[in-house]
Structures are given as structure tokens and as C-alpha cells.
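**Q** fold the following for me, if possible:
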Amino acid sequence: CFNSGSSWDKCDFETNLCKALPEFNLHPGWIRRNGQSGMGPPYSDHNGNESAYFLSLSSEMQSSSAALRTNVFLPTDEERICQIRFHYWVSQMSGTLMVGIQKHSEDTVTSIWQVSGELRNQWNVNTITINSTEKYEV
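**A** Numbering: from 1, shown residues only. Sure thing, here's the model as predicted:
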């Protein structure tokens, strides 16, 4: 999320988690790995780089869910817009990847995008624009 006119915060997992994903918000089940880890597909990141890191759900998590939660973002307006662009891989396991927003006045996470396993075994990309009149997390 950025102020209009400023650049994207680019986020990868080469050295650690993104600035937007604090370490303590990495729920159990997520692992940081690359295509050479011997854990099955994907065998590279979305650019075809076998040594580049990405986050993956461990195979023990197939029957449950795990979340990633961002830092708090400021409200959006004409000067401050929020677009989140991300690459994702959905395997042949039956599962759903969901992006949700939790506003600070609400106790629940509201789904704003989701995908199930129909785009299997390939990297896909999506961009979500978020509007919120109050502070929120994704």
C-alpha cells in the first residue's frame, strides 16, 4: 500500500518475511522454502528461479487452515491507495486461498477474493485494490 506517486514496496522472501508480514504473524503451517527444498512442486518461483524463496503450506496442514496477517495499513483515500499484487500457486490438493480484510472496528475478517484448485500446478498473479475508511489489516 502506498501513497500515490510513490513506488511499490516490493516484497520477497529471500532474506526473511516481507515488511508487511511480521514474523509473529506467520501462523504455524507456513514455511519459507525454495524449489530445491525437496518438498515437491512448485520447483521454482514465478520467474522460474529454482533457488528463489517463497512461502508454502507444509503438507501436514492439508486438513486445516493457516493465515498470514499484514501490519496495520492506514485508511485509503485519494492520496493513499492500496493495491496488493501477489503470485500464487494452487496445487492439486483441495483447498482455497482467500484474501480478507479486517477493519479495526470489526472483529471478523471479510473475504474480498478467493480461489480454489481449478488453476492447478501453475503460478498465477492477481492484483487487489483495497478501499477502507479506517485502519485495517489484510
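**Q** roughly how far does Ala66 sit from Pro75?
**A** 28 Å (C-beta to C-beta, to the nearest Å). For glycine as for every other residue, the C-beta is placed from the backbone atoms N, C-alpha and C.
**Q** dump the residue contacts of the residue lying closest to Asn34 once chain neighbours are set aside.
**A** Residue nearest to Asn34 in three dimensions, not counting chain neighbours: Tyr53, with 4.9 Å by C-beta to C-beta, 6 or more residues apart in numbering. For Tyr53, the contact set (C-beta atoms under 8 Å, 6 or more residues apart in numbering) comprises Asp12, Phe13, Glu14, Arg32, Arg33, Asn34, Asp45.
**Q** check the second one and give its pLDDT.
**A** This points to Phe13. pLDDT for Phe13: 84.
**Q** before we move on, what about the fifth one?
**A** According to the per-residue confidence, Arg33 scores 90 in pLDDT.
**Q** and it, that one's in a helix?
**A** No: counting by DSSP: H, G, I helix; E, B strand; the rest coil, Arg33 is located in no helix; its state is strand.
**Q** which strand in the protein has the most residues?
**A** Counting by DSSP state E, the longest strand found in the chain is strand 80-89.
**Q** thinking Met39 is in contact with Leu57, fair?
**A** No: look at Met39 against Leu57 with C-beta atoms under 8 Å: they stay out of range, at 10.3 Å.
**Q** more neighbours, those two?
**A** Taking other C-beta atoms under 10 Å, Met39 and Leu57 do not tie; Leu57 has more neighbours (17 against 14).
**Q** who's the more buried one bridged to?
**A** In this entry, Leu57 is beta-bridged to Trp30, by DSSP bridges.
**Q** returning to that earlier point: can I get the contacts of Tyr53 in JSON lines with distance to Gln122?
**A** Putting the contacts of Tyr53 into JSON lines (distance: C-beta to C-beta, whole Å) gives the following:
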{"residue": "Asp12", "distance to Gln122": "19"}
{"residue": "Phe13", "distance to Gln122": "19"}
{"residue": "Glu14", "distance to Gln122": "22"}
{"residue": "Arg32", "distance to Gln122": "21"}
{"residue": "Arg33", "distance to Gln122": "18"}
{"residue": "Asn34", "distance to Gln122": "17"}
{"residue": "Asp45", "distance to Gln122": "13"}
